[in-house]
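Chemist: Build the 3D model from these lines:
(one chain, ligands or ions: 1)
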Amino acid sequence: MKLNKDDIKKALETISIAGEGQNIVDSGALQNIVTFGDEVIVDLKLSTPALHIKKRAEVDVMKAIHEHVYKKAKVEVKISVEAPQKKNVNEIKGKPIPGIQNIIAVASGKGGVGKSTVTANLAVTLSNLGFKVGLLDADIYGPSGPIMFDVANEKPLSVTKDGKSKMKPIESYGVKLLSIGFFTKPDQAVIWRGPMAAKALNQMIFDADWGELDFLLVDLPPGTGDIHLSIMQSMPITGALIVSTPQNVALADAKKAVSMFQQESINVPVLGICENMAYFTPAELPDNKYYIFGEKGAKYLAEDLGVPFLGEIPLVQSLRESGDIGRPAALQKGTALSESFAELTRNTVQEVVNRNKNLPPTEAIKITTMAGCSAVKNKKI
Ligand code: ADP
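Modeler: Numbers count the residues shown, from 1 in each chain. Modelled structure (predicted):
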């Protein structure tokens, strides 16, 4: 069997590298095809060193040739990596997503520090202020979005938009939600492998009908890994918010998260740090603050790292309870807790506006006014 290069090229036009819209032929990733009888060598040049993306490219190439050209072809895929040009360091980020104005990645170094709780409450606070808000729950290890928004039994429907089938986010409390949790059974162990998770997330980003959004919040998995890299390559993230408790072990990991975003090849602006579980005030002693996890640790870390401190959220039983019953606590207005979230939200919006260079000035003023950012800060725009 003599393999035909044109057939192979056509087959390769059906696949793309994770995070890149174009197929591997049009994107220039395909360097060369060599055939010899039923053997074929495909040379690819990728701009990312991420192992799971390389692996997936290799598997996709083999599959495409086996499916579209010759089932028994012996395929060898050679992958070289060419780091993006220095001046393009920023361009490692994904291309703009039409209709989505600002994307905020919420990260934490350590798990269990309240990243998802803060994200959910930030989302409903923004929505209450009149913003159009989406939340992408990308926490592959413990997607809690569906429970926190009381939609655990829902499944996103498929709708047709511009001739393409798209996933429709589930709306709850004015927030459009897509979660990796919608695609796993609640009692199933989460066994997403890197490439599978990256693919599922890519679909939730690009094959979803998000519509117009002022803010898309992305609840990242804890830590700093391949999934973070792949999301940062797929999405044009405006900035990252880091959540930490004041405890030393959490702070050490928060520091790593900050440095991941600040790495030259990633270069996502850090909007700032939010201190969660900052203190506890018992109902019967309303003037007392108990610093259970340490005092102001995250605030000091922000100062040390030279990044903004965005706010502190106390340790409150009702915040945990409201997460469990699926009604974010910040929805209840006029409480000390909702004021803490309002403050966090104002500061975050202000930082987003300061960092998003693509935001037209009129839009920047509109957003800061809606969020109630202080007039003094507004002057900085
Ligand atoms: P992460 O997303 O960082 O893993 P979660 O948001 O799931 O963390 O929070 C972990 C647990 O702590 C949850 O049970 C949540 O309800 C609770 N929790 C988070 N923040 C607070 C807080 N400020 N006060 C009380 N409970 C909290």
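Chemist: I'd like to know which elements the longest helix belonging to the chain is packed against.
Modeler: Determined from DSSP state H, the single longest helix within the chain is helix 336-355. Counting contacts by 3 or more CB pairs under 8 Å, 6 or more residues apart in numbering; DSSP states H and E, helix 336-355 is packed against strand 100-107, helix 115-128, strand 239-244, strand 270-276, strand 309-313, helix 361-371. (Glycine included, C-beta is placed from N, CA and C.)
Chemist: now do 6 Å
Modeler: Other elements packing on helix 336-355 under the criterion 3 or more CB pairs under 6 Å, 6 or more residues apart in numbering; DSSP states H and E are helix 115-128, strand 270-276, strand 309-313, helix 361-371.
Chemist: Is the shortest one positioned near the ligand?
Modeler: When you say that, I think you mean strand 309-313. Yes. Interface with the ligand: strand 309-313 contributes residue 313 (CB under 6 Å from any ligand atom).
Chemist: got a list of contacts for that strand?
Modeler: With contact meaning CB atoms under 6 Å, 6 or more residues apart in numbering, strand 309-313 is reached by 272-276, 278, 299, 302, 340, 343-344, 347-348.
Chemist: Most neighbours among those residues, please name it.
Modeler: Using other CB atoms under 10 Å as the neighbour criterion, residue 275 leads the contacts of strand 309-313 with 33 neighbours.
Chemist: so that residue touches residue 298, yeah?
Modeler: Yes. In this structure, residue 275 is within contact of residue 298 by CB atoms under 6 Å, at 3.5 Å.
Chemist: if I look at these two, which residues touch both of them?
Modeler: Shared contacts of residue 275 and residue 298, counting by CB under 6 Å, 6+ apart, come down to residue 246.
Chemist: What pLDDT does the model give residue 121?
Modeler: Per-residue pLDDT puts residue 121 at 98.
Chemist: returning to that earlier point: between strand 309-313 and the longest helix of the chain, find me the angle.
Modeler: Relative orientation of helix 336-355 and strand 309-313, computed by axes from the mean of the first three to the mean of the last three CA atoms, to 10 degrees: 160 degrees.
Chemist: so where's this protein shaky on pLDDT?
Modeler: By pLDDT under 70, the low-scoring segments of the chain are 19, 83-93, 186-192, 375-381.
Chemist: and the most centrally placed residue in it, bridged to which residues?
Modeler: Centroid check for the chain by CA atoms, centre = their mean gives residue 218 as the closest residue, at 3.5 Å. According to DSSP bridges, the residues that bridge with residue 218 are residue 105, residue 136.
Chemist: Tell me the spacing between it and the ligand.
Modeler: 13 Å (CB to the nearest ligand atom, to the nearest Å).
Chemist: thinking that residue is in contact with residue 136, fair?
Modeler: Yes. Residue 218 lies in contact with residue 136 (CB under 6 Å); the separation is 4.7 Å.
Chemist: Tell me the gap between stretch 127-136 and the middle of its chain.
Modeler: Distance of stretch 127-136 from the chain centroid (CA atoms, centre = their mean, to the nearest Å) equals 16 Å.
Chemist: same check, this time on stretch 9-26
Modeler: 23 Å.
Chemist: And the contacts of that stretch?
Modeler: 27, 29-30, 53, 56-57, 60, 64-65, 68-69, 198, 230, 233-234.
Chemist: returning to that earlier point: what's the angle from the longest helix of the chain to strand 270-276?
Modeler: 170 degrees.
Chemist: contact partners of helix 336-355?
Modeler: 102, 121-122, 125, 238-239, 269, 271-272, 274, 308, 310-311, 313, 316, 329-330, 364, 367-368, 371-373, 377.
Chemist: Going by neighbour count, which of these are buried?
Modeler: 102, 121-122, 125, 238-239, 269, 271-272, 274, 308, 310-311, 313, 316, 329-330, 364, 367-368, 371, 373, 377 (16 or more other CB atoms under 10 Å).
Chemist: Up against the ligand, what does the stretch 101-250 of the chain have?
Modeler: Selection of the stretch 101-250 of the chain residues close to the ligand by CB under 6 Å from any ligand atom yields 108, 111, 112, 113, 114, 115, 116, 117, 142, 144.
Chemist: Tell me which residues touch the last one, please.
Modeler: So that's residue 144. residue 116.
Chemist: Could I get the phi/psi values of it?
Modeler: Here is the backbone geometry of residue 144 (degrees, to the nearest 10): phi -110, psi 0.
Chemist: same deal with the fifth one?
Modeler: Main-chain torsions, residue 114, degrees, to the nearest 10: phi 100, psi 20.
Chemist: Name the nearest residue to it, ignoring sequence neighbours.
Modeler: residue 276 (3.9 Å; CB to CB, 6 or more residues apart in numbering).
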